[in-house]
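Trainee: any chance you could fold what I've pasted below:
(chains A and B)
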Number of protein chains: 2
Amino acid sequence: MVVRVMATGVFDLLHPGHVFFLTEARKLGDELVVVVARDQTARRLKRDPYTPENIRREMVEALKPVDRAVLGSTTDIYETVVRERPSIIALGHDQIWNEAEVEQECARRGVPLKVVRIRAYPHDELATRRIIERILERARPPGEPRA
Amino acid sequence: MVVRVMATGVFDLLHPGHVFFLTEARKLGDELVVVVARDQTARRLKRDPYTPENIRREMVEALKPVDRAVLGSTTDIYETVVRERPSIIALGHDQIWNEAEVEQECARRGVPLKVVRIRAYPHDELATRRIIERILERARPPGEPRA
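Mentor: This next block holds a predicted model:
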């Protein structure tokens, strides 16, 4: 039986922390399906993404550890779990869900599975923020008159 | 004989145009080696990258079409060609080098090869610029006092 692992996230402005998370998630089974958060879900839970959802999905699917990337549901986060029926859900070290609660909710919907927490990437935890800061720092090109 | 293809670029803030270019380049042979421009080279030819060279290299190597990504030379762009000895160099539609000139320079250094121009990605040619614009637009969070 193929052990399907599911991981989820926004994946805006990809950095090595994302690749580490997905590589570790992939190692838990035979196949990795990634659920990419919809723009409106990301906006609600975190912040408006800089990259639109279809592009974020495409870029995640282009990464080596990922077998398939799908857009999440806009209404019920468990909708995709019921459709994809993974055996394992991998959670990032900073993802807020509680392991036991997620396992209970999935079992209640007829998808018994194990939730595994992936450890933090040893470097670059603030990678996205640093990239954004560099963009902002250089926003005023040299020679442009100050307002 | 393994047909080695080489592609080169800065690959700052990855977007689907990069993936398209590398996927098309990979199709030209059996193996794709990507030369990622050093920070100082990018600065000289284009602009200072937002993502440092080691991170750009790591992210390019995480993409499915890429077998290996290496950092370029800081001095002679042909140094890496001589070391890697590709059979084909893939050029992006907007890369400024002239096909015949590159072929001549490589042959002169003992690496006869063919230069192939990859066509433009049908969408998202300004993808990086658009992502940067979105970051700048939202730089002032709602509620933050205007200076």
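
Trainee: residues in contact with A:L91?
Mentor: Applying CB atoms under 8 Å, 6 or more residues apart in numbering or on different chains, we find A:L91 in contact with A:A7, A:W97, A:E99, A:V102, A:V115, A:V116, A:R117, A:I118. Backbone N, C-alpha and C define where each C-beta goes, glycine included.

Trainee: ramachandran coordinates for the fifth one?
Mentor: Translated: A:V115. phi -100, psi 130 (degrees, to the nearest 10).

Trainee: I'd like the distance between the residue nearest to it when sequence neighbours are not counted and chain B.
Mentor: Closest residue in space to A:V115, ignoring its immediate chain neighbours: A:E99 at 4.2 Å, by CB to CB, 6 or more residues apart in numbering or on different chains. Between A:E99 and chain B the distance, using CB to the nearest CB, to the nearest Å, works out to 27 Å.

Trainee: can I assume A:E99 is in contact with A:L113?
Mentor: No. Contact criterion CB atoms under 8 Å: A:E99 and A:L113 do not qualify, at 10.8 Å.

Trainee: burial measure for A:T74, as a count.
Mentor: A count of nearby residues for A:T74, using other CB atoms under 10 Å in any protein chain shown, gives 13.

Trainee: I meant A:P122, not that one.
Mentor: 9.

Trainee: now do A:R26
Mentor: 20.

Trainee: for the helix or strand of chain A with the lowest mean pLDDT, buried residues please.
Mentor: Ranking every helix and strand in chain A by mean pLDDT, DSSP states H and E puts helix A:127-137 at the bottom, with a mean of 76. Within helix A:127-137, the residues that qualify as buried are A:A127, A:T128, A:R130, A:I131, A:I132, A:I135, counting by 16 or more other CB atoms under 10 Å in any protein chain shown.

Trainee: now, among the residues you listed, which is nearest to B:V35?
Mentor: A:I131 (22.0 Å; CB to CB).

Trainee: ok, back up a step: export the buried residues of helix A:127-137 to a markdown table and tack on distance to B:V81?
Mentor: Output for the buried residues of helix A:127-137, formatted as a markdown table (distance: CB to CB, whole Å):
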| residue | distance to B:V81 |
| --- | --- |
| A:A127 | 31 |
| A:T128 | 34 |
| A:R130 | 33 |
| A:I131 | 30 |
| A:I132 | 35 |
| A:I135 | 32 |
